[in-house]
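Engineer: Would you be able to build a 3D model of this:
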Amino acid sequence: MEARRNRKDLRHKKDLTRLFILVSILIGGGTLGFMAFEGWRLLDAFYMTVITVTTVGFAEVRPMTEVGRMFTIAVVAAGIGTGYVAAGVLGRALLLNLSRRESKRMEKIIRDMEGHVVLCGYGRLGDIVLQELETANRSFVVVEKDPATADELHAMGIPFLQADATEEDSLQRAGVEKAGGVIAAIGSDAGNVFITLTARGLNATCPIVARADHPETERKLRMVGATRVVTPYSLGGKRLAQAFLRPSAVDLADLAIGGDEGDFLIEEVELPEGMAAETLSLKGLDLGARFGLIAVAVRHASDQALHFRPRAETPLRPGDHLLVMGKKKGLDGFQEILEDASS
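Structural biologist: Coordinates of the predicted model:
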């Protein structure tokens, strides 16, 4: 990406150099022509050339011969042509400058982010991921290589970097060191392996979810640091089969992940330090009466295993995770209580 930017800069500098040479030839040639055809002194010839090229409409310096007038017409035509060339070069320079300023502004926004999600790749799959992140109110940055796709992201006002996500520098610019998670979703298994390996080297603790088009890639992704691996075609095939064999189970799964027809969700929340002792049990939390939630499972910090259907008297400790199910409004209310306890 840096090489592409350098090529644009070099091409821009060459265009400006050619424009300067063209204008110099036009002014110099016009001045010499008026001196030769009309016998004018240097200052008069230069002045006449400038007002002719710029078409400002001033009167002739002196009366001219027919040859001088024909030469003036030629200078006007050359000046108009040069003006079109100059407009193109300067217009490209303006767009390049605006693009640079926008890129710097975007990178400043990204530098100030912390705990965000770095989404590598914005295709059909990445678009769905982005919608889910927006619904969950998670801050994010998209790293996308394709210029046309980057233009679409810019038009939508989405934080992005036009860069190759498989390069370490790109992930550093996206703030992976401070990120709360990475999603590797480009269309290449090898590329997702590189992204996962690099991201894990930059951030040893953040969760990394990677896409794998081929099941055999899953083991490699886990070896290089992926927390979760998703195989879209495998999941899609299973869903098609289960939609036929167990439609009710599929409906329940849709509810759990937030289907289009409602805001019923399953959420995993961490119990913070500072909670009152009487609330460190499901009975004390009273999730059903206060928030309309159901406790599906508990993941104790001590063993990290999921314990389903926990009893009301199950003791809880700060750092434990609860898997709760209910409406989004109730989940948001529970999250607020936990945030108040942690502050």
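
Engineer: Quick check: closest non-adjacent residue to residue 314.
Structural biologist: Nearest residue to residue 314 in three dimensions, chain neighbours excluded: residue 282, at 5.8 Å (CB to CB, 6 or more residues apart in numbering). Heads up, the C-betas are built off the backbone N, CA and C, glycines and all.

Engineer: pretty sure residue 64 contacts residue 33?
Structural biologist: No: in this structure residue 64 lies outside contact range of residue 33 using CB atoms under 8 Å: 11.5 Å.

Engineer: picking that back up, for the residue nearest to residue 314, what are its contacts?
Structural biologist: 295, 310-314, 316 (CB atoms under 8 Å, 6 or more residues apart in numbering).

Engineer: Next: residue 211.
Structural biologist: Contacts of residue 211 by CB under 8 Å, 6+ apart are 121, 125, 183-186, 192, 229-232.

Engineer: Most neighbours among the residues you listed, which one?
Structural biologist: Highest neighbour count within the contacts of residue 211, by other CB atoms under 10 Å: residue 184, with 31 neighbours.

Engineer: looking at the chain, which helix or strand does the model trust least?
Structural biologist: In the chain, no helix or strand scores lower on mean pLDDT, DSSP states H and E than helix 247-256, which sits at a mean of 67.

Engineer: average pLDDT for whichever helix or strand comes after it?
Structural biologist: Using DSSP states H and E, the helix or strand that directly follows helix 247-256 along the chain is strand 264-270. In this model, strand 264-270 has an average pLDDT of 80.

Engineer: send the alpha carbons of strand 264-270 over as CSV?
Structural biologist: Extracted in CSV, the C-alpha atoms of strand 264-270 (Å, rounded to 0.1, in the frame of the first residue of the first chain):
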residue,chain,number,x,y,z
PHE,A,264,-34.3,-12.0,22.1
LEU,A,265,-30.6,-12.8,22.8
ILE,A,266,-28.2,-15.0,24.7
GLU,A,267,-25.4,-13.0,26.2
GLU,A,268,-22.2,-13.9,28.2
VAL,A,269,-21.5,-11.4,30.9
GLU,A,270,-18.6,-11.2,33.5
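
Engineer: Run through the neighbouring helices and strands of that strand.
Structural biologist: helix 247-256, strand 321-327, helix 328-342 (3 or more CB pairs under 8 Å, 6 or more residues apart in numbering; DSSP states H and E).

Engineer: go with 6 Å
Structural biologist: strand 321-327 (3 or more CB pairs under 6 Å, 6 or more residues apart in numbering; DSSP states H and E).

Engineer: Pull up the pairing partners for the strand it packs on, direction included.
Structural biologist: As defined by DSSP bridges, the strand partners of strand 321-327 come to strand 264-270 (antiparallel), strand 294-299 (antiparallel).

Engineer: could those go into JSON lines alongside distance to residue 17 and mean neighbour count?
Structural biologist: Formatted as JSON lines, the strands paired with strand 321-327 follow (distance: least, CB to CB, whole Å; neighbours: other CB atoms under 10 Å):
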{"stretch": "strand 264-270", "distance to residue 17": "60", "mean neighbour count": "17"}
{"stretch": "strand 294-299", "distance to residue 17": "65", "mean neighbour count": "18"}
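
Engineer: Out of those, which gets nearest to residue 328?
Structural biologist: Minimum separation from residue 328 across the strands paired with strand 321-327 (CB to CB) falls at strand 264-270, 5.8 Å.

Engineer: after that closest one, next one along is what?
Structural biologist: Counting by DSSP H and E, the next helix or strand C-terminal to strand 264-270 is helix 282-285.
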